[in-house]
Structure formats: structure tokens, C-alpha cells
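# task: produce atomic coordinates for the following.
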Amino acid sequence: MREITTAARIGGSDIDANPRLRAAVSVAKAARMPSENIDRAIKKGSGELDGSAIEEQNYEGYGPGGVALYVEAQTDNKNRTTSEVRNVIAKANGNLGTAGSVAWMFKKQGHFTFDAAKYTEEEVMDAALEGGATDVVTEGDEIIAICELKQFAAVANHFDKLELKYQGELTMVPENTVKVAGEDAARVLRLIEKLEDLDDVMKVYANFDIDDEELERIVGAD
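Next up, the predicted model:
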């Protein structure tokens, strides 16, 4: 809900002209948020309704093993949120950096997720490339169409015209990854979990790479 409000405040209430708002509404609908709640959040962000000011605040830094961290938060108290994020990262032997210190390591993309039980990869691929997407990948029971940020609205409109069911989002993808293992790997995962548990944190991105076997061992140990 806060993401819808922030997206409307920053980019305006026109979903077709605001890719971030469109992505936020797509996620909300997938979570079965009532339409009236979505409309209220948009109006709150655009200034049509009163409400406490919510600011977008992003944090950049490094965690265990030199893993880069990019944290997206939305807050009504910047000092509180900054203190909480800094403390969590510091306790993991990481450090909070300045704006721009790691953002360049990530690329913002649009992702459209389809249920592989309803669509084949070929069906999604044909529709995605026709609509302006750059790639399609299958991960488990999901098929993901990928596009550049500037193409998000156009690709979404194309899928809508074809009446395809999807969940769209804007995400940060690392240009390169850092291999971590052993205790560093466990610390990175614990750090991300603790950051995500903070009330004001919306998303956490990191450029780590952990082997599947190592990941299973860590999860099993917890």
C-alpha cells in the first residue's frame, strides 16, 4: 500500500504514464487487495486525500564477504529508519555507504511473472518479444518476461490487450555477483532477513551468489 502511495506521489496518478505505479498496482491486485484500497492509496499519494507524508529513502552499503546491498525503504521518519538500517548492517560487520556507492552495480528492470501451469514458455516468449520485452526465462513453476525499465508500460499494455494474467514488478538486478560460502553466506542471508523484517523496508537487493548445496545446508541448519 505504501509503495502505491509513494509511486503516485513521485510519478503521478496516471498508471499508463507511471511504470512504478503500474507495477505496484499489479502486485497489490495479485495479493487480492480491494480496488477501493488501491484507489485510496493512489489518491493519497497524488494529494487528493490527506495523510502523513511518506518519503522514499534508499540505502546502499556492504555486507559480509563484500556483498553489495541496496535497500529500498519508505518512511515518515527518516532519522529513525536510517538508524535502524545502519544498526542492522553494522551488527553483521557490514557498513552503510553513501548514495551511489553500490547503485551502479545494479540495473533496474521490469519483470512479468506468469504461472507455468497456465502458459508455456513459447506462448510467453511470443507475446513478450512482440510487446517489447528482451528475454524470457523459466524458474521452477514460473515464467518470467524481462524488459528494460522504459519499456515496462508498453509491455504491460501488450499483455493486457492479450488478456494474459501476470504479476508485474520493477526490480534491481546485479550486473555481477560475489561468490560467498560458509559463515559469510550464512551471515549475508541473516542480514537480509533482518533488514526485510524492519517495518519501513520494502525491498532488499544484494549481489551475492551462493551454491545450491550451500544454501540447502544453511537453511537446514536454521
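
# how close does the nearest residue to S13 once chain neighbours are set aside get to A8?
In space, and not counting its chain neighbours, S13 is closest to S46: 4.1 Å by C-beta to C-beta, 6 or more residues apart in numbering. No exception for glycine: its C-beta is placed from N, CA and C like everyone else's. Per C-beta to C-beta, to the nearest Å, S46 is found 5 Å from A8.

# who's more crowded, the two?
Comparing S46 with A8 by neighbour count (other C-beta atoms under 10 Å), the higher total belongs to A8, at 25 against 16.

# for that one, what are its contacts?
By C-beta atoms under 8 Å, 6 or more residues apart in numbering, the contact list for A8 reads N18, L21, A41, I42, K43, K44, G45, S46.

# in terms of pLDDT, where does it sit?
We have a pLDDT of 83 for A8.

# and the residue nearest the centre of the chain, helix, strand or coil?
Nearest to the mean C-alpha position of the chain, by C-alpha atoms, centre = their mean, lies T171 at 4.2 Å. Here T171 takes the strand state, with states given by DSSP: H, G, I helix; E, B strand; the rest coil.

# check what pLDDT the residue nearest to S13 gets.
77.

# and it, how close does it get to T6?
Per C-beta to C-beta, S46 is found 11 Å from T6.

# can you check V201 too?
For V201, the distance to T6 (C-beta to C-beta) stands at 13 Å.

# again with L69
20 Å.

# more neighbours: those two, which one.
Neighbours per residue, other C-beta under 10 Å: of L69 and T6, the larger number sits with L69, 27 against 22.

# wait, a strand at the more buried one?
Yes: per three-state DSSP, L69 lies within a strand segment.

# ok so, going back, who does the residue nearest to the centre of the chain bridge with?
Q109 (DSSP bridges).

# buried ones in the lengthiest helix in the chain?
When the chain is scanned for its longest helix (criterion: DSSP state H), the result is helix 182-197. Buried residues in helix 182-197, counted by 16 or more other C-beta atoms under 10 Å: D184, A185, A186, R187, V188, L189, R190, L191, I192, K194, L195.
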